[in-house]
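Q: quick one, fold the following:
(one chain, ligands or ions: 1)
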Amino acid sequence: MISKIRNFCIIAHIDHGKSTLADRFLELAAHVPRRKMKEQFLDQMDLERERGITIKLQPVRLNYQSYELNLIDTPGHVDFSYEVSRSLAAVEGAVLLVDATQGIQAQTLANLYLALDHDLAIIPVINKIDLPNAQIEESVKELSDLLGVEESEVIKISAKKGTNVKKILEQIVKQIPAPPEQEKNELKALVFDSNYDDYKGAVVHTRLFSGQIKAGDKILFKAQNKITEVSEVGYFSPFFKKTEQLKNGQIGYLVTGFKNISDIRVGDTIIHQGSKIKPCAGYKEVKPMVFASLFPSSGDDYKNLRKAIEKLKLNDSSLIFEPESSRALGFGFRCGFLGLLHLEIVQARLEREYDIGIITTVPSVAYQVKLTNNRAKTIHNAEEWPEPEEIEEVREPFVKLDIITPQKYIGQIMPLAENFRGNYLNTEYLHSTQETRAILHYEMPLSSILTYFYDKLKSVSSGFASLNYEFIDYRPADITRIEILVAEEKVPALSCLVYKDSAYKQARQIVDKLKEIIPRQQFVVKIQALVEGDIIAASRLAALRKDVTAGLYGGDVSRKKKLLQKQKKGKKKMQSQGKVEIPTKAYLEVLKR
Ligand code: GTP
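A: Reported below is the predicted structural model:
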């Protein structure tokens, strides 16, 4: 009965205890057998458990009293905000979980605003009240102010110990509305996730907004315009549990005939073949925003790396890759990621699960370049950069950035954000009984966030500031390319893209670094940095002088002179041939700068 269904998710900043709370729900209402109950059940991947970061959504059906509660776990990190938004579209309510030792953080807010946009019922909860440093009263006040609810409505729990967790279930039943009934009985189902199962193949995670679906149905994925037949439907117990059918309001899975999950797009709507029903609103394709190349540390591992990436891609359709070869690093892959965390996770999984040593180049963004011949080009790396006279305009991705911080650090954060090219917009305040905290709003190039901004923010705020960002659009940027010449020869793999106003400084750094790393030769080696045809930084590597006269005894001066003369000639010849072996370390220093 639809009136007995409640669909909800938990939204929280990273580490505020979402997975731990989900575990308690599972114990209370899904009766997961103890031996199968690993800690943090919903984060199934080992890496997730180790890092404590939820990457994939893992839904589960809970039976509480006579109610069917469908919980969708949501990732709390910025890289996955589109997945958060899809989970929110699949439910009617959200448990807003805040760590009482931390208070509201940037991602709590970002996710809360998303939830309010979706008109969800919000159940405010503060967690970790068992900890001695929990600021219970402050956190309750902060939450009640933010949401405009009575302080008594904020539930105080310890997810770890299970204290008051039942109260949340009671409020879920009371406050979250049942899914609406529909007059029409035509199938309309939202895809909010998918996974690849070794036995079943591509599995769709879905929420039905009308009609029903069962095995044997012919269905159409609207945005992808792909037709397939359903071979099985069911729900998550949290294990796959096969059922006859799924009905309006329910959350569950369906197994399709697709071979891989790239055929399934999160946010797509499933309808019956031939149906004219309007699809769910808000479909958006996720696009990778951060790019980096991955090379195996040992060339022999190239084939293994390819296999491993293909395997990862099976369960991660947002990962994109294409083969690449570099003179310096050999064969590898140019990859696109949703964000830095996504990159880090992929890299760690390749190393851990597939035992392949990986060299990662410095992450970069994609530039949109308008050429003078009116064509447009998307550029991911310096080697593809057009000649200066071909460029009409360059645009770079910009993000909206929110930083939450205790007020006392504002003085350090503002100059830092400015240094990283942030445009300050405004400040809001979160009031609590003791310490007022500020929300600083900025717009900033995405590339700034890739270059240590987060680390510096953490260090100037003693770890208290948190940030969240969201892509807004592409904006004009003054970008240029630094090219490097070694012994008068261009080394394309050493070139890089920089802001024009920092080109001089960066060129100097690269040249100095290379001087340290490139071994001295028999002849003088010039190391030069070139921007738009001008040399803006240069350095000389002195020649090694081999003592060619060492074998001579006594004072045969003319013979000595002859030998030195011969050496000089030889050096000239070598210099003109300009062959300098550049060690891989030099490339890495520049690529990983
Ligand atoms: P992400 O999956 O990364 O978003 O984190 P999460 O929100 O799922 O947090 P998780 O459940 O992994 O908890 C983070 C840490 O806080 C873990 O070490 C938990 O053991 C701990 N923790 C969670 N709830 C409590 C609590 O009520 N009390 C105490 N003392 N620790 C808790």
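
Q: tell me the mean pLDDT for the strand or helix carrying Leu71?
A: Taking DSSP states H and E as the definition, Leu71 sits inside strand 67-73. Averaging the model's pLDDT scores along strand 67-73 yields 90.

Q: buried sites along that strand?
A: Buried residues in strand 67-73, defined by neighbour count with 16 or more other Cβ atoms under 10 Å: Tyr67, Glu68, Leu69, Asn70, Leu71, Ile72, Asp73. For the C-beta atoms, the positions are set from N, CA and C on the backbone; glycine is no exception.

Q: with stretch 171-186 instead?
A: By neighbour count, with 16+ other Cβ under 10 Å as the criterion, the buried positions of stretch 171-186 are Gln171, Ile172, Val173, Ile176, Ala178, Pro179, Gln182.

Q: related to what we said a few turns ago, after the strand holding Leu71, which helix or strand is next?
A: Secondary structure here is assigned by DSSP H and E; on that basis, the next helix or strand after strand 67-73 toward the C-terminus is helix 81-89.

Q: circling back to that earlier point, so which other helices or strands are in contact with the strand holding Leu71?
A: In this structure, strand 67-73 makes packing contacts with strand 5-12, helix 18-29, strand 60-64, helix 165-175, judged by 3 or more Cβ pairs under 8 Å, 6 or more residues apart in numbering; DSSP states H and E.

Q: flag the shaky bits of this structure, pLDDT-wise.
A: Within the chain, the set of residues satisfying pLDDT under 70 comprises 30-58, 75-81, 282-285, 315, 327, 432-435, 546-556, 567-579, 588, 590-593.

Q: hmm, back to that, for Lys311, which of the helices and strands packed on strand 67-73 is the nearest?
A: Counting by Cβ to Cβ, Lys311 lies closest to helix 18-29 out of the helices and strands packed on strand 67-73; the figure is 24.7 Å.

Q: run through the strands of the stretch 401-550 of the chain in chain order.
A: In the stretch 401-550 of the chain, strands defined by DSSP state E, counting those that start in this stretch lie at 423-430, 437-445, 466-476, 479-486, 489-490, 496-499, 525-531, 534-541, listed in chain order.

Q: count of residues packed around Arg375?
A: Using other Cβ atoms under 10 Å, Arg375 has 11 neighbouring residues.

Q: actually, Glu489.
A: 13.

Q: Gly162 contacts Arg24, correct?
A: Yes - using Cβ atoms under 8 Å, Gly162 and Arg24 qualify as a contacting pair, with a distance of 5.3 Å.

Q: who's more crowded, the two?
A: Arg24 (21 against 15).

Q: tell me the contacts of that one?
A: With contacts taken as Cβ atoms under 8 Å, 6 or more residues apart in numbering, Arg24 has the following neighbours: Ala159, Gly162, Val165.

Q: filter those down to the ones near the ligand?
A: Contacts with the ligand within those, as defined by Cβ under 6 Å from any ligand atom: Ala159.

Q: just the helices and strands packed on strand 67-73: most buried one?
A: Mean neighbour count (mean count of other Cβ atoms under 10 Å) peaks for strand 5-12 among these, with a mean of 26.

Q: still on that earlier bit, the strand holding Leu71: how far from the chain's middle?
A: Relative to its chain's centre, strand 67-73 lies at 27 Å (Cα atoms, centre = their mean, to the nearest Å).

Q: tell me the strands beside that strand, with direction?
A: Strand 67-73 pairs in its sheet with strand 5-12 (parallel), strand 60-64 (antiparallel), by DSSP bridges.

Q: ok, residues contacting that strand?
A: Contacting residues not belonging to strand 67-73 are listed as 4-10, 18-19, 22, 25, 29, 42-43, 54, 57-63, 87, 90-91, 169, 172-173, 192, 235, 250-251 [Cβ under 8 Å, 6+ apart].

Q: tabulate the strands paired with strand 67-73 (a markdown table), appending distance to the ligand.
A: As requested, those are arranged in a markdown table below (distance: least, Cβ to the nearest ligand atom, whole Å):
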| stretch | distance to the ligand |
| --- | --- |
| strand 5-12 | 5 |
| strand 60-64 | 14 |
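
Q: and the residue of the stretch 201-350 of the chain at minimum distance from the ligand, how many neighbours does it have?
A: With Cβ to the nearest ligand atom as the measure, the residue in the stretch 201-350 of the chain that lies nearest the ligand is Leu341; the distance is 10.2 Å. Burial measure for Leu341: 19 neighbouring residues, criterion other Cβ under 10 Å.

Q: helix, strand, or coil at it?
A: For Leu341, the assignment made with DSSP: H, G, I helix; E, B strand; the rest coil gives helix.

Q: what distance do you get for it to Ile472?
A: Distance, Leu341 to Ile472, using Cβ to Cβ, to the nearest Å: 20 Å.

Q: can you check Ile271 too?
A: Distance of Ile271 to Ile472, computed by Cβ to Cβ: 32 Å.

Q: between the two, which has more neighbouring residues?
A: Remark: of Ile271 and Ile472, Ile271 carries more neighbours, 22 against 14, as counted by other Cβ under 10 Å.

Q: now name the helix or strand holding Ala110.
A: Secondary structure assignment for Ala110, by DSSP H and E: helix 106-117.

Q: ditto for Leu190
A: Using DSSP H and E, Leu190 sits in strand 188-197.

Q: give the partner strands of that strand in its sheet and their orientations.
A: Applying DSSP bridges, you get strand 201-210 (antiparallel), strand 269-272 (antiparallel) as the partners of strand 188-197.

Q: now those as JSON lines including distance to the ligand?
A: Conversion of those to JSON lines gives the following (distance: least, Cβ to the nearest ligand atom, whole Å):
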{"stretch": "strand 201-210", "distance to the ligand": "18"}
{"stretch": "strand 269-272", "distance to the ligand": "28"}
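
Q: output these as JSON lines; include the columns distance to Ile535.
A: As requested, those are exported to JSON lines (distance: least, Cβ to Cβ, whole Å):
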{"stretch": "strand 201-210", "distance to Ile535": "55"}
{"stretch": "strand 269-272", "distance to Ile535": "57"}
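
Q: relative to Gly357, which of the ones you listed is closest?
A: If you check each of the strands paired with strand 188-197 against Gly357 by Cβ to Cβ, strand 201-210 wins as the nearest, at 30.9 Å.

Q: which helix or strand lies directly C-terminal to that closest one?
A: On the C-terminal side of strand 201-210, the closest following helix or strand by DSSP H and E is strand 212-214.

Q: quick one: the strands in the stretch 201-350 of the chain, in order.
A: Ranges of strands within the stretch 201-350 of the chain are 201-210, 212-214, 218-221, 226-229, 232-236, 240-243, 245-247, 251-255, 269-272, 290-296, 320-326, 330-337, based on DSSP E, counting those that start in this stretch.

Q: and those strands, which is most packed in?
A: Comparing the strands of the stretch 201-350 of the chain by mean neighbour count (mean count of other Cβ under 10 Å), strand 251-255 comes out on top with a mean of 25.

Q: that one vs strand 60-64, what angle?
A: An angle of 140 degrees separates the directions of strand 251-255 and strand 60-64 when computed by axes from the mean of the first three to the mean of the last three Cα atoms, to 10 degrees.
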